[in-house]
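this one's sequence-less:
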DNA sequence: ACTATTTAGTTCGACATCGCACTATAATAC
DNA sequence: GTATTATAGTGCGATGTCGAACTAAATAGT
């Protein structure tokens, strides 16, 4: 049954990604949107490594994603005053706008979705998913116990 | 909140994939395992296109995945007697063994997981996820992913 | 103070995914 | 029966992801 669970999760991830990307400016992926969203909700000034950890992706992936966002003018880097090796990621106005527009563009879809799968049900499954994620996260670096 | 949902789903997908791949022979990915699993549970003799649709992936992706499995000797192709353009995917003994061994190797992990997130809770959220998937699938209208 | 180790970030290479264009076969039209 | 259209699968190119090795800066050990 756990296989079915992971199977569903995989397909939902695929479908939701492509659905979201349809509402983003050309060339922007979910990974880019997620970063913009993160910076908006939790405030900018984070370092790339912090964000890599937040998204559970390798830092090389974050480097790549941030490079794309900077090239598009949606974020900019400032040196980290507390650490010469590091940078701080700052959201630009263009970046905030792109995020806001994407969310607005998704409004109708979310509305339709919430009619099919009401928020209560989502709220009901979220804690389970979070727990699942925490377990998987903890099992990520811990090899299977000796048997 | 739906964003959080998709975010969790994305991370869970990532983590569960790498966890599963740790128990697969070197070079085999989740996509390969999923195909072996599918052929075992639903019977072999399916065409590549049928499988592409079942997994919601473009057919080019399925071509690639199946090529890898054939190269590893885990499946083999036979011509489709009903359609000269098509093939049938057959599971080999080696393929069935690899699947069985991977599942056995995951046993302890699944056991640990089921202690943290008991089967009842998984059973409770699966229908919601399935409904979510059905909606997303139906909303995937204009473009042509598979087929 | 000086060296060793750790850490932030990048570069590079490997590879999975996927869209587009193409071939071959089947189904349909007329 | 031939021409048109639709379908199954593949080759190719572009791109995202990620591991390994690298550079530079910070911290720990002595």
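Arrived safely, thanks for sending. A quick note: this is a predicted structure, and the numbers were derived from the prediction, not measured.

Please make it C-alpha for all contacts and neighbour counts, starting now.
Fine.

So which residues on chain A come close to DNA strand D?
A:27-29, A:31, A:57-58, A:60-61, A:64-65, A:82-85 (C-alpha under 7 Å from any atom of the strand).

Buried residues in the lowest-mean-pLDDT helix or strand in chain A, which are they?
Lowest by mean pLDDT, DSSP states H and E among the helices and strands of chain A is helix A:119-141, with a mean of 81. For helix A:119-141, the neighbour count (16 or more other C-alpha atoms under 10 Å in any protein chain shown) marks A:122, A:125-126, A:128-130, A:132-133, A:135-137, A:139 as buried.

What distance do you get for the residue nearest the centre of chain A to residue A:102?
With distances taken as C-alpha atoms, centre = their mean, residue A:34 lies nearest the centre of chain A, 3.4 Å away. Distance of residue A:34 to residue A:102, computed by C-alpha to C-alpha, to the nearest Å: 11 Å.

can you tell me if stretch A:93-102 touches chain B.
No. Using C-alpha under 8 Å from any C-alpha of the partner chain, stretch A:93-102 stays clear of chain B, with a minimum separation of 12.0 Å.

What are the buried residues along that stretch?
Residues of stretch A:93-102 classed as buried by neighbour count (16+ other C-alpha under 10 Å): A:95-96, A:98-99, A:102.

Repeat that for stretch A:11-31.
A:11-24, A:28-31.

tell me the average confidence for that stretch?
What stretch A:11-31 shows for mean pLDDT is 86.

Any residue of that stretch touching chain B?
Yes. Legend: contact between stretch A:11-31 and chain B by C-alpha under 8 Å from any C-alpha is shown at A:11-13, A:15-16, A:19.

With pLDDT, secondary structure and distance to DNA strand C as added columns, please give the buried residues of stretch A:93-102 in TSV.
Formatted as TSV, the buried residues of stretch A:93-102 follow (pLDDT from 0 to 100; DSSP: H, G, I helix; E, B strand; the rest coil; distance: C-alpha to the nearest atom of the strand, whole Å):
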residue	pLDDT	secondary structure	distance to DNA strand C
A:95	93	helix	18
A:96	93	helix	21
A:98	92	helix	22
A:99	92	helix	22
A:102	88	helix	19
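
who in chain A is up against chain B?
A:1-2, A:5-6, A:8-13, A:15-16, A:19, A:55-56, A:110, A:113, A:116-117, A:119, A:121-122, A:125-126, A:128-133, A:135-137, A:139-140, A:144.

just checking, what packs against the helix or strand hosting residue A:88?
Residue A:88 is part of strand A:87-91, with elements assigned from DSSP states H and E. Strand A:87-91 is packed against helix A:30-42, helix A:48-55, strand A:75-79, with contacts defined by 3 or more C-alpha pairs under 8 Å, 6 or more residues apart in numbering or on different chains; DSSP states H and E.

my guess is residue A:65 contacts residue A:30, does it?
No. With contacts counted by C-alpha atoms under 8 Å, residue A:65 stays clear of residue A:30, the gap being 10.0 Å.

Tabulate the residues of stretch A:11-31 next to chain B (a markdown table), appending secondary structure.
Formatted as a markdown table, these follow (DSSP: H, G, I helix; E, B strand; the rest coil):
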| residue | secondary structure |
| --- | --- |
| A:11 | helix |
| A:12 | helix |
| A:13 | helix |
| A:15 | helix |
| A:16 | helix |
| A:19 | helix |
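
so which of those residues would you say is closest to DNA strand D?
DNA strand D has its nearest neighbour among the residues of stretch A:11-31 next to chain B in residue A:13, at 11.9 Å by C-alpha to the nearest atom of the strand.

how much space between the closest one and residue B:61?
Relative to residue B:61, and taking C-alpha to C-alpha, residue A:13 is found at 16 Å.

same deal with residue A:52?
28 Å.

the more surrounded of those two?
Taking neighbours as other C-alpha atoms under 10 Å in any protein chain shown, residue A:52 and residue B:61 compare with residue A:52 leading, 17 against 13.

Against residue A:61, how distant is that one?
Separation of residue A:52 from residue A:61 (C-alpha to C-alpha): 8 Å.

I'm done for today, thanks for sticking with me.
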